[in-house]
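Student: The sequence and its predicted three-dimensional model are supplied below.
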Amino acid sequence: MNKAKVIIATVLAMLVLVSASGREKRRISPVETQATQTQAINETANDTSRINAKRRAAAGMTFVNDNGFTVYVDTITGDEWIDSTVISRVPKMEYPLFHALSVGVNVWDPMMRAFGQHHGIADAWVELSLHNRYKPIFEIGLGTAKDKPSGMNFTYRSPLGVFFKIGANYNLFFNSNPDYSLFAGVRYGFAPFSFAVDDVTVNSSYWGETATFNIPSQRVTAGWFEFNLGLRVKLWGPISAGWTFRYKQILHESKAPYGKPWYIPGYGTRMAVGGSFSIIYTIPLNHLNKPKDEDVVNIDDGTAVPTPLPQQQISSDQ
Amino acid sequence: MPLAAGLASCNTDGCLDNQNALPKAGLFSSSTGKAITLNNIEISGVGAPGDSILVTAGTTVGEVYLPMRSTKHSTSWRFCYTQQGLEGIEDIVTFDYDSEPYFASADCGAMYNYRIRRCTTTYNLIDSVVVADSLITNVDLLRIKIYIRTATTPPETDE
């Protein structure tokens, strides 16, 4: 009997020991240890954005550059960098709103007349440069034609007529040196004019007859669209030269009872492509603009000094 | 002397149409309404110098340019049939028109367009003449249809 009591007591003691040892195994290691405190730092040690943010906060020196970007300066190393979160903004216009006024004379037709062309006179245009980027333009010119093509049975005649064009150019190098530009542009052209066809000879070889007649003068109007691609280079002082390639398409023309005109002043003959060559005089308009903002510092002129912003000054003092 | 070829081939490189307003006429069967070709017909202009022939017999013709007289307001064409048994039979087709000066283009030149006011014909073998478009320009289109009575071969019977 005593033996049984001993066995029961032994089993109970073992159960108590087992349960006690189980409770010890469920004990959790302390959360705050030296290892856990440095774990996050170690994992982000190579994160460039965090490093830069920390450096910016520590630097405390900023200034706004000429393009409108905030430049951070490392006061220890002297390195400068721009906040990459604003780098995708549209760059600030390098040139003022009213940049220049250009007046040009297109001498393409007079030059081509020297080489045997029988139509066209000349045109002049005025162009306003806004920020050296957007350039509304107005053109006015005169055109005439008188031609008897070889081998043909008529003499075409179009007395002096005026034409107008309005449109705009877009300078692709708007933040570069304004002495040189590559531009694309559009125009709407309009011309009221008249034309006649004289000395028409119609031969009928079968009937052995020849009829001669004139097609009376017809007054018409025409409108067209132009897409231009051009280049402009400075020659000397305010004088520059410009070449333009033109793709043209007639949008509307009044119906003429005796046939369509061959030549339209300003448009030329019914060819879809053409060109122009202009001599240009440019007048600067800088005096029409407000003075530059004082906060904008030009770092290119050698006088620029990085200016700490007030709150940054405070943080750096801390 | 046939001049149709010379009249039709008056294009230049820059002119995609004719350099004259030429009415193009086509021959059609009055019974079937379909286009036909004939080689036993002679076409000439009434009053043409030297009685010159536009289309000679023996020439296969289905379409023909019939040039208008630019100095007159009426042009007549004689259709003579040379098939055996039809000798001496002819038809006269007359067009009355107004001439309108027209500048086509620098490449095609200036010309008269013709607006047909009336068309008359005899009816020996011609059944009818249809003017599809009364304004004759230098655009190369078939504007006149001449329907001719053609013999139809009776179907053979097995007897």
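Tutor: Thanks, I have the structure now. Numbers count the residues shown, from 1 in each chain, chains lettered A, B, ... in the order given.
Student: What residues does chain B have near chain A?
Tutor: Within reach of chain A by C-beta under 8 Å from any C-beta of the partner chain, chain B has these residues: B:3, B:6-7, B:20, B:45, B:48-49, B:52, B:54, B:67, B:69-71, B:99-106, B:109-112. The way it works is simple: take the backbone N, C-alpha and C, and place the C-beta from them, glycine included.
Student: Could you pick out the buried ones from those?
Tutor: Among the residues of chain B next to chain A, those scoring as buried are B:3, B:7, B:20, B:45, B:48, B:54, B:67, B:69-70, B:99-106, B:109-112 (criterion: 16 or more other C-beta atoms under 10 Å in any protein chain shown).
Student: Now, these that are in strands?
Tutor: Using DSSP state E, B:45, B:54, B:99-105, B:109-112 are the members of those that sit in strands.
Student: Sort out which one of those residues lies nearest A:Thr282 for me.
Tutor: Comparing those against A:Thr282 with C-beta to C-beta places B:Ser105 closest, at 41.3 Å.
Student: Against A:Val200, how distant is the closest one?
Tutor: Distance, B:Ser105 to A:Val200, using C-beta to C-beta, to the nearest Å: 13 Å.
Student: do A:Ser150 as well
Tutor: Computed as C-beta to C-beta, the A:Ser150 to A:Val200 distance reads 16 Å.
Student: and after the host helix or strand of A:Thr201, which helix or strand comes next?
Tutor: Take DSSP states H and E as the rule and A:Thr201 turns out to sit in strand A:180-204. Sequence-wise, the next helix or strand downstream of strand A:180-204 (DSSP H and E) is strand A:209-236.
Student: Could you report the neighbour count for residue 74?
Tutor: Went with chain A since none was named. A count of nearby residues for A:Asp74, using other C-beta atoms under 10 Å in any protein chain shown, gives 15.
Student: wait, I meant chain B there
Tutor: By other C-beta under 10 Å, 15 other residues sit near B:Ser74.
Student: which residue packs closest to it, ignoring adjacent ones?
Tutor: Spatially, and ignoring its direct neighbours in sequence, B:Ser74 is nearest to B:Asp96 (5.0 Å; C-beta to C-beta, 6 or more residues apart in numbering or on different chains).
Student: How much space separates that neighbour from chain A?
Tutor: Using C-beta to the nearest C-beta, to the nearest Å, one gets 16 Å for the distance from B:Asp96 to chain A.
Student: in its sheet, what does the one helix or strand that residue maps to sit against?
Tutor: Per DSSP H and E, B:Asp96 falls inside strand B:90-105. Using DSSP bridges, the strands paired with strand B:90-105 are strand B:74-81 (antiparallel), strand B:109-121 (antiparallel).
Student: so where's the stretch 51-200 of chain A uncertain?
Tutor: Residue ranges of the stretch 51-200 of chain A with pLDDT under 70: A:52-60, A:66-68, A:83-91.
Student: Please, where are all the strands along it?
Tutor: For the stretch 51-200 of chain A, the strands defined by DSSP state E, counting those that start in this stretch cover A:61-64, A:70-73, A:80-82, A:98-106, A:122-130, A:134-147, A:155-171, A:180-204.
Student: so which of those strands gets nearest A:Gly268?
Tutor: Checking the strands of the stretch 51-200 of chain A against A:Gly268 by C-beta to C-beta gives strand A:134-147 as the closest, at 8.1 Å.
Student: buried ones in that closest one?
Tutor: Buried residues in strand A:134-147, defined by neighbour count with 16+ other C-beta under 10 Å: A:134-135, A:137, A:139, A:141-145, A:147.
Student: could you give the angle of it to strand A:122-130?
Tutor: Counting by axes from the mean of the first three to the mean of the last three C-alpha atoms, to 10 degrees, strand A:134-147 lies at 170 degrees to strand A:122-130.
Student: neighbours around whichever residue of the stretch 151-300 of chain A sits closest to chain B, how many?
Tutor: Nearest residue of the stretch 151-300 of chain A to chain B, counting by C-beta to the nearest C-beta: A:Gly259, 3.3 Å away. Burial of A:Gly259 is recorded as 20 neighbouring residues (other C-beta under 10 Å).
Student: who does the nearest residue to it once chain neighbours are set aside bridge with?
Tutor: Distances taken as C-beta to C-beta, 6+ apart place B:Phe103 nearest to A:Gly259, at 3.3 Å, with adjacent residues excluded. Beta-bridge pairing for B:Phe103 (DSSP bridges): B:Ala110.
Student: Just list the residues touching B:Phe103, thanks.
Tutor: A:154, A:156, A:197, A:215, A:258-260, A:262, B:109-110 (C-beta atoms under 8 Å, 6 or more residues apart in numbering or on different chains).
Student: what does B:Lys24 give?
Tutor: B:63-66, B:140-144.
Student: what residues are up against the residue lying closest to it once chain neighbours are set aside?
Tutor: The shortest distance from B:Lys24 to any non-neighbouring residue, by C-beta to C-beta, 6+ apart, is to B:Leu142 (5.0 Å). Applying C-beta under 8 Å, 6+ apart to B:Leu142 gives the contacts B:24-26, B:63, B:132.
Student: Equivalent analysis for A:Asn228, please.
Tutor: For A:Asn228, counting by C-beta under 8 Å, 6+ apart, the contacting residues are A:167, A:169, A:183-187, A:244-247.
Student: Buried subset of those residues as a ChimeraX selection?
Tutor: Buried members of the contacts of A:Asn228, defined by 16+ other C-beta under 10 Å, are picked up in ChimeraX with:
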select /A:167,169,183,185,187,244,246
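Student: Please check which residues sit opposite the nearest residue to A:Asn169 once chain neighbours are set aside as beta-bridge partners.
Tutor: Nearest residue to A:Asn169, sequence neighbours excluded (C-beta to C-beta, 6+ apart): A:Gly185, at 3.7 Å. A:Gly185 has these beta-bridge partners by DSSP bridges: A:Asn169, A:Asn228.
Student: confidence score at B:Asn18?
Tutor: B:Asn18 is assigned a pLDDT of 88 by the prediction.
Student: if I look at it, how far off is chain A?
Tutor: In terms of C-beta to the nearest C-beta, B:Asn18 sits 12 Å off from chain A.
Student: Contacts only, for the residue in the stretch 1-150 of chain A that chain B sits nearest to.
Tutor: At 6.1 Å from chain B, A:Pro149 is the closest residue in the stretch 1-150 of chain A, using C-beta to the nearest C-beta. Residues counted as contacts of A:Pro149 (C-beta under 8 Å, 6+ apart) are A:156, B:106.
Student: Repeat that for B:Ser74.
Tutor: B:Ser74 neighbours (C-beta under 8 Å, 6+ apart): B:94-97.
Student: Just the buried ones from those residues, in ChimeraX syntax?
Tutor: Those of these that count as buried under 16+ other C-beta under 10 Å are selected in ChimeraX with:
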select /B:95,97
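Student: mind giving me TSV with the contacts of B:Ser74 and columns for pLDDT and distance to A:Gly237?
Tutor: Putting these into TSV (pLDDT from 0 to 100; distance: C-beta to C-beta, whole Å) gives the following:
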residue	pLDDT	distance to A:Gly237
B:Thr94	97	77
B:Phe95	97	71
B:Asp96	97	73
B:Tyr97	97	67
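Student: Any buried residues in the strand holding A:Thr201, and which?
Tutor: A:181, A:183, A:185, A:187, A:189-191, A:193, A:195-198, A:200, A:202, A:204.
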